[in-house]
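> Using only what follows, build the 3D model:
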Amino acid sequence: MSETYLTTDQLAARIHYDTRTIRDRLKDSVLLEGTHYFRPFGGRKLLFIWEAIERDIKRCSLTDAIPMAGGGVAHG
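Numbering: from 1, shown residues only. Coordinates of the predicted model:
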């Protein structure tokens with residue numbers, strides 16, 4: 001299975017969000033390391049996994065679910 005890796009700028013352009021918003025989501029633990037992004041070679045640069053982000057965007061928009069830090073959702 002092939003995955004699509006995006007930089008922060010590429011992800012921001014694809015989903016029409018500001019790069020600052022994406023960084024805020026990292027701090028808020030909405031985007032999870034190992035699930036939505038990883039740090040290649042242990043560096044500071046991030047690569048986002050498009051398929052995981054797309055899946056979770058669709059899942060959260062189709063329900064009234066609240067995303068949880070551990071990757072699950074709470075139904076409010």
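> In the chain, what residue spans correspond to helices?
8-15, 19-27, 50-62 (DSSP state H).
> the inter-axis angle of the longest one versus helix 8-15?
In this structure, helix 50-62 runs at an angle of 40 degrees to helix 8-15, with axes from the mean of the first three to the mean of the last three C-alpha atoms, to 10 degrees as the basis.
> The second one too?
Here helix 19-27 runs at an angle of 100 degrees relative to helix 8-15 (the same axes, to 10 degrees).
> Make a markdown table from the helices of the chain and add mean pLDDT and distance to His36 to it.
Quick note: C-beta positions are derived from backbone N, CA and C, even for glycine. Putting the helices of the chain into a markdown table (pLDDT from 0 to 100; distance: least, C-beta to C-beta, whole Å) gives the following:
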| stretch | mean pLDDT | distance to His36 |
| --- | --- | --- |
| helix 8-15 | 94 | 10 |
| helix 19-27 | 88 | 9 |
| helix 50-62 | 81 | 5 |
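> In CSV, list the ones you listed along with mean neighbour count and distance to Tyr37.
Listed next are the helices of the chain as CSV, based on neighbours: other C-beta atoms under 10 Å; distance: least, C-beta to C-beta, whole Å:
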stretch, mean neighbour count, distance to Tyr37
helix 8-15, 15, 9
helix 19-27, 13, 8
helix 50-62, 14, 8
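> Gly34: which of those helices is closest?
Nearest to Gly34, of all the helices of the chain, is helix 50-62, at 9.7 Å by C-beta to C-beta.
> Measure how far that closest one is from the centre of its chain, please.
9 Å (C-alpha atoms, centre = their mean, to the nearest Å).
> packing partners for it?
helix 8-15, strand 65-67 (3 or more C-beta pairs under 8 Å, 6 or more residues apart in numbering; DSSP states H and E).
> Now do the contacts for Ala69.
29, 32 (C-beta atoms under 8 Å, 6 or more residues apart in numbering).
> what's the pLDDT at it?
The model reports Ala69 with a pLDDT of 76.
> Check the gap between it and Asp9 for me.
25 Å (C-beta to C-beta, to the nearest Å).
> what's the answer for Val30, then?
Applying C-beta to C-beta to Val30 and Asp9 gives a distance of 19 Å.
> and if you look at Pro40?
Taking C-beta to C-beta, one finds Pro40 at 16 Å from Asp9.
> Fine, thanks again, bye for now.
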